[in-house]
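[1] Build me a model:
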Amino acid sequence: MQFYYGHQMPLRILDEAEFWKHQEEEHTVVIRELVTGLEKEFVDALHEWEKALSKTHQQVVSFIETVIRSNYYVPYSLYQQVMQLISFCLEESERFIELCRQIKDESKVVSENQTAKVVLVHIIRESEYFIGIARALLSQNFQSMAGHHYQKS
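    Predicted coordinates:
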């Protein structure tokens, strides 16, 4: 990911989160569809995760719409809310990875299905990629940018 977006950085961050939250939501379906006979506890957990990820995805879309409607003007308070949402997205992805690892390591059905194991590893890696992006963005010193590009309200 490139870090030269300047005043449009909040929109760029939200675009990344929108894409990856939608991916994770779809991954819950992929796992359920791929692993025939997956244990009920994991199927139920994946259904709950699908709902949670969909909710987060919708929150991100709402923020994107807000930024676009504001003609890309991002007051400092909105900027802070975006950063909090990205932090939540990162933590949510970490918890989703934990579930995927649990399924990979503890499901008897998955242990007998090499394709399922490979797909789960791929899904984990994709979420780890998003976490890397989110961490990099959150660790940037946006405070100096905030004073220059964002107005405190």
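[2] Going by C-alpha atoms from here, please, whenever you check contacts or count neighbours.
    OK.
[3] Which parts of this protein are helices?
    Counting by DSSP state H, the chain has helices at residues 9-34, 40-69, 76-106, 108-111, 114-139, 142-149.
[4] List the contacts of residue 101.
    For residue 101, the contacting residues are 120, 124, by CA atoms under 8 Å, 6 or more residues apart in numbering.
[5] same deal with the one 4 residues further on?
    If you count contacts by CA under 8 Å, 6+ apart, residue 105 has them with residue 111.
[6] Low-confidence stretches in the protein?
    Within the chain, the segments meeting pLDDT under 70 span 1-9, 141-153.
[7] Kindly recompute the last result at 90.
    1-13, 67-80, 82-83, 133-153 (pLDDT under 90).
[8] who are the neighbours in contact with the residue positioned nearest the centre of the chain?
    Among the residues of the chain, residue 21 comes closest to the average C-alpha position under CA atoms, centre = their mean, at 4.0 Å. By CA under 8 Å, 6+ apart, the residues touching residue 21 are 53-54, 56-57, 89.
[9] Right, I'll leave it there.
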